[in-house]
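**Student:** One predicted model, sequence on top.
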Amino acid sequence: MKFVLDANIAVKFFLLEPDSAKAIALRDDFLNQIHELIAPDTLPVEVAHALTRAERKNILPQGDAMTKVADLLSMAPVLHSHLHLLSRAVELSSQARIGVFDCLYIALAEREQCQVVTADRRMFTLFPAETVSLAAL
């Protein structure tokens, strides 16, 4: 199956968080070619932001973020240009009153006719199933 990988799930590959085990299982399924993962090309930037924030909070040792970003890039899902998704993402953001970054994932899922894998419960309430299907861990 094809899924859009939300950055909040990719972060769980590297930080011990609720549902990290499920996120790692999804990553392993992707690496074993059981599932196809795609994402907007902003994914590595969002993950890097979360990992450097974890360094600042002393959750990760300083300097670990770049190593983990390199790990992500070595196994990254197919990345799609955010420029081709931006118009729809802005439209969704204006309608739902949530961030454009979140809406890039929704726009990609709409275009590719697949589900977003996310831990963001708010996305479930804001986007009805007929607009886009969302799958949470």
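**Tutor:** Great, that's in hand. Numbering: from 1, shown residues only.

**Student:** hey, let's count contacts and neighbours off CA atoms from now on
**Tutor:** Will do.

**Student:** Please enumerate the helices of the chain.
**Tutor:** Along the chain, counting by DSSP state H, helices occupy 7-11, 20-31, 43-56, 64-74, 86-96, 100-112, 121-126.

**Student:** For residue 110, give its distance to residue 62.
**Tutor:** In this view, residue 110 and residue 62 are 38 Å apart by CA to CA, to the nearest Å.

**Student:** Compare these two (neighbour count), which wins?
**Tutor:** Higher neighbour count among residue 110 and residue 62: residue 110, with 18 against 14, using other CA atoms under 10 Å.

**Student:** From residue 88, how far off is the more buried one?
**Tutor:** Distance check for residue 110 against residue 88: by CA to CA, it reads 10 Å.

**Student:** Repeat that for residue 8.
**Tutor:** Remark: distance between residue 8 and residue 88 (CA to CA) = 21 Å.

**Student:** ditto for residue 25
**Tutor:** 31 Å.

**Student:** These two: which has the busier surroundings?
**Tutor:** Ranked by neighbour count (other CA under 10 Å), residue 25 and residue 88 place residue 88 first, with 19 against 13.

**Student:** Next, the contact list for the closest residue to that one other than its chain neighbours, please.
**Tutor:** Spatial nearest neighbour of residue 88, excluding adjacent residues (CA to CA, 6 or more residues apart in numbering): residue 107 at 5.9 Å. Applying CA atoms under 8 Å, 6 or more residues apart in numbering to residue 107 gives the contacts 85, 88-89, 92.

**Student:** Can I get the residues you listed in TSV including pLDDT and distance to residue 43?
**Tutor:** Formatted as TSV, the contacts of residue 107 follow (pLDDT from 0 to 100; distance: CA to CA, whole Å):
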residue	pLDDT	distance to residue 43
85	98	13
88	97	17
89	97	15
92	95	18
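
**Student:** And those, which is closest to residue 39?
**Tutor:** residue 85 (10.9 Å; CA to CA).
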